[in-house]
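Asks: pasting the sequence and the predicted coordinates here, then a few questions.
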Amino acid sequence: MYKIVSSLAFTALAASLAVAYPAHAAGKAQAATVKEAPLRAHLAFLSSDAVEGRGTGQRGGELTVTYLETQSAAIGLQPANNGSYRQPVKIAGVRSLPAKSNLGITAGGQALPLQFGPDWVWGPGDAQADHTLDAELVFVGYGIQAPEEGWDDFKGQDLKGKVLVMMVNDPKPTALEPKRFNGEGLTYYGRWTYKLEEAARQGAAGVLLIHTDASASYGWSVVQNSWANAERFQLAEGKLGTGLQGWMTDATARKLFAAGGQDLDKLRAAAEDKNFRPVVLNARVKGEARAEVRTLNEFNVAGVVPGTDPKLKDEVVIYSAHWDHMGKQGTEGDTIFNGAVDNASGTAALLAMAQEAVRNPAKRSQMFLWVAAEEQGLLGSAAYAAKPLWPIEKTVANLNLDSLNFVGLVKDVSTPGSERTDLGALAAATARSMGLTVAPSRPDLAGGYFRSDHFSFAKAGVPAFSVGAGHGWVKDVEASKAKQASYRAKYHQVSDEYDPNWDLSGMVQQAQFTLNLGRMVADSPKAPQWKAGDPFGKARTSAK
């Protein structure tokens, strides 16, 4: 494991201080050119053993927050939260206690022999430890309400107090409607997180999702490890979920439906039609569900570069990156998940970008936002969007950085999701100005647009996307491809560590593109807008 020495920590601090003060003394605007030296110093420190993997609710997380706020002050960012760089995020840690519970399902009058873990998993979605349930099960197909698609799986039925059984993913495209629900790509309606949110909006007592490898894009072991074998985190205030949330295997669902006199395959087929109506199952969830719940405070960190235009300075462009990783886990061997690429890279890049933005402010204000608990479900960015430090209606764009290019220079940049708004055209113009091209878009089969922190802003109506690195390597193409591909085995592993031999020219390039694009947005007389008909544009309209 890469061990950082005290001199390197000093270098990280000195790099920020040394460039901050002379810049202000110069008295004139200079080109906002992202420098490799501070970026590398921040990256080396933030991914070192000293900050212990930047874990949520762990000592390393607090050290990281302290580092970010002191660096923000040294750079010259203004505190974004009434004199503080910190924004509290109240989080609940939840661990189900099946041994202390007696929750079960009866179907056709008979108790199903279900084992927690292999057959189904569940836990609270409202940060409460104890729940008593005796609720009817209702199959609601995909559990989607999408007016722009003419789709409503609920048909106005009163589902308060029910436990909803849902399929994950979207309704499939047809020959007559090849583009429904984005055709081959996944929409947010297909994400399991949407299903949980929609169940709460329907007033349900709970929700159980039917898992298949194909619809979820991963095996049951992923669900079991997250829900049965580990502590899960959720927001502890604001809009909370239903009392019961969980998954069941496909085999369990088949047993449940058959015992209640229903054919799961026939109901699945019926749910592919927009005329589908909820089906009351001859089944109930009954018993006590208990969990261990703890509440903790984490922090987003935010600093602002005020705008120079008398009117436009009231609006803001937000650059974001999540500072957290997996922290320390286990007791033997290497226990630190350093998270060098994911996401010490984005965290460090924002610091290097902010340093330059302070030296060269734009017409609109610019916020640099490091969010907490992304690895736990975008919790920090969701908390920010719920209680923004700058009015959402005056937030013109969010550009997010997550897992940056550690390989080398590229000829292109990836901007997935930017085409949903005017940011797509601005990104293309920014790329051209840097001699780059925009990588061709691909169908979003796994719903990547909905899995990073920019999405919390998109849901609130802010034009937003995450800036990717591209793959048009400038030199040593095959070696660069192999180096990039090798990261797959390091993702969320202790082996995601900083290498001082990394060529960071591509990371600097990606940070520079993001800053240039943000500056273009910040100086433009017109704020970017959503494309007509995009569902997230409705939130922007309602915010005004």
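Replies: Nice, I can see it.

Asks: make sure Gly93 is indeed in a strand.
Replies: Yes - looking at Gly93 with DSSP: H, G, I helix; E, B strand; the rest coil, it is inside a strand.

Asks: that one pairs with what?
Replies: When bridges are called by DSSP bridges, Gly93 pairs up with Phe233, Arg294.

Asks: ok, it - how many residues close by?
Replies: The number of residues packed near Gly93 is 19, by other Cβ atoms under 10 Å. Every C-beta, even on glycine, is put in place using the N, C-alpha and C of the backbone.

Asks: so how far is stretch 395-406 off the chain centroid?
Replies: For stretch 395-406, the distance from its own C-alpha centre to the chain's C-alpha centre is 11 Å (Cα atoms, centre = their mean, to the nearest Å).

Asks: that should have said stretch 125-144, apologies.
Replies: For stretch 125-144 - counting by Cα atoms, centre = their mean - the centre lies 24 Å from the chain centre.

Asks: could you shift the numbering so residue one becomes 825, and keep it that way?
Replies: Let's use 825 as the start, then, which means that last one is stretch 949-968.

Asks: what is the end-to-end distance of that stretch?
Replies: The first residue of stretch 949-968 is 19 Å away from its last residue (Cα to Cα, to the nearest Å).

Asks: show the average pLDDT along that stretch.
Replies: Stretch 949-968 comes out with an average pLDDT of 97.

Asks: and that stretch, what's buried?
Replies: For stretch 949-968, a neighbour-count test (16 or more other Cβ atoms under 10 Å) marks 949-951, 955, 957, 959, 961-968 as buried.

Asks: hmm, which two among those are most spread apart?
Replies: Ala951 and Gly965 (28.4 Å; Cβ to Cβ).

Asks: tabulate the buried residues of stretch 949-968 in CSV, adding columns for distance to Ala1252 and secondary structure.
Replies: Shown next, in CSV, are the buried residues of stretch 949-968 (distance: Cβ to Cβ, whole Å; DSSP: H, G, I helix; E, B strand; the rest coil):
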residue, distance to Ala1252, secondary structure
Gly949, 41, coil
Asp950, 44, coil
Ala951, 43, coil
His955, 51, strand
Leu957, 52, strand
Ala959, 51, strand
Leu961, 49, strand
Val962, 47, strand
Phe963, 45, strand
Val964, 41, coil
Gly965, 39, coil
Tyr966, 34, coil
Gly967, 37, coil
Ile968, 32, coil
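
Asks: tell me the one of those nearest Gly1292?
Replies: So of the buried residues of stretch 949-968, ranked by how close each gets to Gly1292 (Cβ to Cβ), first place is Ile968, at 28.2 Å.

Asks: distance of the residue nearest to the spatial centre of the chain from Asp1226?
Replies: Compute the mean C-alpha point of the chain, and by Cα atoms, centre = their mean the closest residue is Ser1276, 3.0 Å away. Per Cβ to Cβ, to the nearest Å, Ser1276 is found 5 Å from Asp1226.

Asks: shared neighbours, these two?
Replies: Glu1198, Ser1290 (Cβ atoms under 8 Å, 6 or more residues apart in numbering).

Asks: looking at the buried residues of stretch 949-968, spot the one nearest Lys986.
Replies: Nearest to Lys986 among the buried residues of stretch 949-968, counting by Cβ to Cβ, is Val962 at 4.8 Å.

Asks: which residues touch that closest one?
Replies: Leu983, Lys986, Val987, Leu988, Val989, Pro1102, Val1103, Val1104, Leu1105.

Asks: following element in sequence after the lowest-mean-pLDDT helix or strand in the chain, please.
Replies: The weakest-scoring helix or strand in the chain, judged by mean pLDDT, DSSP states H and E, is helix 830-850 (a mean of 38). Using DSSP states H and E, the next helix or strand after helix 830-850 towards the C-terminus is helix 860-870.

Asks: mean confidence (pLDDT) on that next one, please.
Replies: According to the model, helix 860-870 has a mean pLDDT of 98.

Asks: now do stretch 1060-1074
Replies: Per-residue scores along stretch 1060-1074 average to 95.
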